[in-house]
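>>> All I have is the shape, not the residue letters:
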């Protein structure tokens, strides 16, 4: 393997990172398939984690947060109602 930085197209880099994120195979195996060091992939991941989220990512997260908050509210109300029913049955 020649020394220096390997040249990886943005498309291939994106594909590799997606495979790693899906845990398709161990990072070491994916790196070997492409003639890379696992350290290169971990570097890409760490730099990606530092980047601020895009507007689309933030919108998606806000929507998910809202849905989860509603779900927690519904579950809390249901549990409270069941607890009251249980307390009445014991009385």
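Looks like it came in fine. Just so it is clear, the structure is predicted and the values come from calculations on it, not from any experiment.
>>> Next up, identify which helix or strand residue 8 is on.
Residue 8 belongs to no helix or strand when assigned by DSSP states H and E.
>>> Could you list the low-pLDDT ranges of the chain?
Along the chain, segments meeting pLDDT under 70 span 1-6, 49-52, 90-91.
>>> So which residues of it form strands?
Applying DSSP state E to the chain gives no strands.
>>> domains of it?
1-51, 53-91 (automatic domain parsing).
>>> show me what contacts the residue most central in space within the chain?
Geometric centre of the chain, nearest residue: residue 21, 7.3 Å, by CA atoms, centre = their mean. For residue 21, the contact set (CB atoms under 8 Å, 6 or more residues apart in numbering) is empty. The way it works is simple: take the backbone N, C-alpha and C, and place the C-beta from them, glycine included.
>>> What separation do you get for it and residue 88?
50 Å (CB to CB, to the nearest Å).
>>> same question, residue 9
To residue 88, residue 9 is 67 Å away according to CB to CB.
>>> So what touches stretch 45-61?
With contacts defined as CB under 8 Å, 6+ apart, stretch 45-61 is touched by 17, 20.
>>> so how far is that stretch from its chain's centroid?
Distance, stretch centre to chain centre, for stretch 45-61: 10 Å (CA atoms, centre = their mean, to the nearest Å).
>>> end-to-end on that stretch?
Using CA to CA, to the nearest Å, the end-to-end distance of stretch 45-61 comes to 20 Å.
>>> buried stuff in that stretch?
Within stretch 45-61, no residue counts as buried by 16 or more other CB atoms under 10 Å.
>>> And for residue 17, the neighbour number?
By the measure other CB atoms under 10 Å, the count of residues near residue 17 is 15.
>>> I am finished for the moment; much appreciated.
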